[in-house]
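Enquirer: Got a predicted structure plus its sequence, pasted below:
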Amino acid sequence: MEQLSRINLPRVDSTNSFIRDMLSPSDQLDGITLVVADEQTAGRGQVGNHWEAEPGKNLTFSLLCHPNFLLASEQFILSQCMALAIHQALLEELWQIPEASSALTIKWPNDIYVADRKICGTLIECDLQGKHISNCIIGTGLNVNQTAFLSDAPNPVSLKQLTGREHDREKMLDNIVANFLQHYEGVKKGESDKVRTAYMQHLYRRTGFHTFADVRGEFRAEIADIEPTGHLRLRFENGNVCRYEFKEVRFVIHEHQTNTHR
């Protein structure tokens, strides 16, 4: 297993940006680097979205790895590895609350949801060298002990809101990293299909027809497949199948007030 080094930061604009500033085209870093921030002032979500995180309450971290064994077209497997790692760690925290643990899913491409509420988001940035990946930065924000959300982000929820108790952030981080490394090593050994199968088993709205929206408006469809490239294949009610890249389609989710199970 690759060597892990860790950098702790009391305050930073973005852990992904911090790692990006560490890198240069000539860097030949080995192993995996974990950067953890107690406060992140400009955390980023997908396509420039802001990630709200109260200082000292949540997990905001980034992992830097160097998966030069993967082709550029295979980078989605890294997203799946992290999504599964977080899903596993959250199940350990929620197992005593069946209604929450059973509703814990991975929303394509890599958000973690409890029912229709978002508890975790991940942003992945890859650098390429030829046809392969040279560097991959995986930045994650996980709502742990925050109980009030002030931004306009739709339907956020935290572990504490779900369970009514404080959670050990360090223990959770250790679990997430250990889970990720296990999946990452499996991919290196050629076991990507195991990761993809587990990902599909825990997929949000995996079965049945649901409401989606694209540039043409809302429509009903079911998930037909997630390709190894990360493309989403939706099957319409007339049987036709359409292939989407990220941000070409969205799930239609009704907003509601966050409540607790206790």
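Expert: Looks like it arrived, so ask away.
Enquirer: so which strand or helix has residue 243?
Expert: Per DSSP states H and E, residue 243 falls inside strand 241-244.
Enquirer: Mind giving me the packing neighbours of the helix or strand that comes right after that strand?
Expert: Using DSSP H and E, the next helix or strand after strand 241-244 towards the C-terminus is strand 250-251. With contacts taken as 3 or more C-beta pairs under 8 Å, 6 or more residues apart in numbering; DSSP states H and E, strand 250-251 sits against strand 210-214. From N, CA and C alone the C-beta is placed, and that goes for glycine too.
Enquirer: in the helix or strand that the strand it packs on is followed by, what counts as buried?
Expert: Next in sequence after strand 210-214, counting helices and strands by DSSP H and E, comes strand 217-226. Going by neighbour count (16 or more other C-beta atoms under 10 Å), the buried part of strand 217-226 is 219, 221, 222, 223, 226.
Enquirer: Rounded mean pLDDT for strand 217-226, please.
Expert: Per-residue pLDDT values over strand 217-226 give a mean of 98.
Enquirer: who does the strand holding residue 243 pair up with?
Expert: strand 232-236 (antiparallel) (DSSP bridges).
Enquirer: buried residues in the strand holding residue 243?
Expert: 242, 244.
Enquirer: what's the answer for stretch 93-107, then?
Expert: 93, 94, 97, 100, 101, 103, 104, 105, 106, 107.
Enquirer: The residues you listed: which two are farthest apart?
Expert: 97 and 107 (19.6 Å; C-beta to C-beta).
Enquirer: Now for the closest residue to residue 59 other than its chain neighbours: which residues touch it?
Expert: Nearest residue to residue 59, sequence neighbours excluded (C-beta to C-beta, 6 or more residues apart in numbering): residue 142, at 4.2 Å. The neighbours of residue 142, taking C-beta atoms under 8 Å, 6 or more residues apart in numbering as the test, are 58, 59, 60, 86, 112, 119, 120, 172, 176.
Enquirer: Can I get the buried ones among the residues you listed as something I can paste into PyMOL?
Expert: To isolate the buried members of these in PyMOL, using 16+ other C-beta under 10 Å:
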select buried, resi 58+59+60+86+112+119+120+172+176
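Enquirer: Okay, and which of the contacts of residue 142 map to strands?
Expert: Counting by DSSP state E, the contacts of residue 142 place 59, 60, 112, 119, 120 in strands.
Enquirer: thinking again about what came up before, average model confidence for the strand holding residue 243?
Expert: What strand 241-244 shows for mean pLDDT is 98.
Enquirer: What of stretch 201-213?
Expert: Stretch 201-213 comes out at a mean pLDDT of 97.
Enquirer: how about that stretch: buried residues?
Expert: Within stretch 201-213, the residues scored as buried using 16+ other C-beta under 10 Å are 202, 203, 204, 205, 210, 212.
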